[in-house]
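*Asks:* Curious how this folds, go ahead:
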Amino acid sequence: MVGCKPVTLDETTINGSIDLAAIRTRIAAQVVGRDRELDLVLAAVAAGRDLILEGPPGTSKSTLLRAITAEWGIPLVLVEGNADLTPSRLVGHHNPSRVLREDYSADNFVDGPLLEAMRVGGFLYVEEFNRAPEDTVDALLTAMAERVITVPRVGTVAARPTFRVVASMNPYDNVGTTRLSTSVHDRMCRLVVDYQDATAEREIVTRRAQPTPPRIVADAVAVTRATRDREDIRQGSSVRGAIDLALVVAQLCTMRGVTVPGGETVAPPRDLPTDYTTAFLDAMMVALSGRIHLDDTAFTTAEGILTEIWQDHFLLGPAAAEPG
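*Replies:* You can find the predicted model right below:
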């Protein structure tokens, strides 16, 4: 964090002898529209709890964790939960070539992300937690419950006090996932994280897509949010789609010599230049078509739905909200 010295998270931090309110204020300056979630995540990890963050992609889950670990000066160890995340990949393995020369020993053991996080006292962040195999989750349960793990031919590894397990899950994705056991839920706090409001998303796009005209930002956020409100879409696009859409539209307008509507007041749809709205439709096909997941009962295509959203926004419905 620019201009701020990280606070090392140790036993005194966990016991509450540092100013968490001041830390929270510094982190809040980096994260848009996540005041409540920041309070709850910060309180949970400061209390020594492990945590499940449940929400769709693009809702600032990893951003929150990166800001917290950066402020506290500890590592964030990221691992992707999937069928390939076996216990040996999570915990670690012996170097095969050295084993052939030296036999098994602690010296030729290569730490996996779990042991790495335990040794350095970092946060182990497991994305798509419910995609990990059950035996891998069991290895995590031992580390969470005991803060100690025993590895054959290596010995016992005790976690530093700052070690935490934070997992994320997407509630809209049930393909290839497994139901977490009650033992997992019993050992972890849980926080549901939803999309930010429109004002926060416009601020995020403004920051990430600089320098993009306010009108493009407002329209990009409006049509992206519309993908989340349709019955024929199982999961709409996150704010990442709005960021890409704003960037692509801006480039298209520059390349085609299109004048972007300006000013603080959004023009009515009938007053928008046709070449601007056409550029927006083209950009939506590139930026959003792969990010929306249709319901099984939908008898259309992603492109067809995006065209309807474009028509509703630019031709039939009211203009976008005021760009801020």
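*Asks:* Flag the shaky bits of this protein, pLDDT-wise.
*Replies:* Applying pLDDT under 70 to the chain flags residues 1-18, 96, 98-101, 103-105, 173-177, 263-271, 317-324.
*Asks:* In it, mark out all the strands, start to finish.
*Replies:* 51-54, 76-80, 92-94, 109-111, 123-127, 148-151, 155-158, 164-169, 189-192, 233-235, 293-294 (DSSP state E).
*Asks:* Run through the neighbouring helices and strands of the last one.
*Replies:* Contacting strand 293-294 under the criterion 3 or more CB pairs under 8 Å, 6 or more residues apart in numbering; DSSP states H and E are the following elements: strand 233-235. Just so you know, the C-beta spots here come from the backbone N, C-alpha and C atoms, and that holds for glycine as well.
*Asks:* Which elements pack onto the strand it packs on?
*Replies:* Using 3+ CB pairs under 8 Å, 6+ apart, strand 233-235 is in contact with strand 293-294.
*Asks:* Please list the residues outside the strand it packs on that contact it.
*Replies:* Residues outside strand 293-294 that contact it (CB atoms under 8 Å, 6 or more residues apart in numbering): 172, 232, 233, 234, 235, 300, 301, 302, 305.
*Asks:* hmm, try it at 6 Å
*Replies:* 234, 235 (CB atoms under 6 Å, 6 or more residues apart in numbering).
*Asks:* Could you please name the strands that strand pairs with and the direction of each pair?
*Replies:* Sheet partners assigned to strand 293-294 using DSSP bridges are listed as strand 233-235 (antiparallel).
*Asks:* Which residue ranges of this protein form helices?
*Replies:* Under the criterion DSSP state H, helices of the chain are mapped to 11-14, 20-28, 35-46, 61-72, 87-91, 96-102, 113-120, 134-146, 182-187, 198-208, 214-226, 239-256, 274-287, 302-310.
*Asks:* can you redo these as TSV with mean neighbour count and distance to residue 81?
*Replies:* Shown next, in TSV, are the helices of the chain (neighbours: other CB atoms under 10 Å; distance: least, CB to CB, whole Å):
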stretch	mean neighbour count	distance to residue 81
helix 11-14	14	27
helix 20-28	15	25
helix 35-46	18	19
helix 61-72	21	13
helix 87-91	18	10
helix 96-102	11	25
helix 113-120	20	11
helix 134-146	17	8
helix 182-187	13	12
helix 198-208	19	25
helix 214-226	25	26
helix 239-256	21	20
helix 274-287	18	27
helix 302-310	18	26
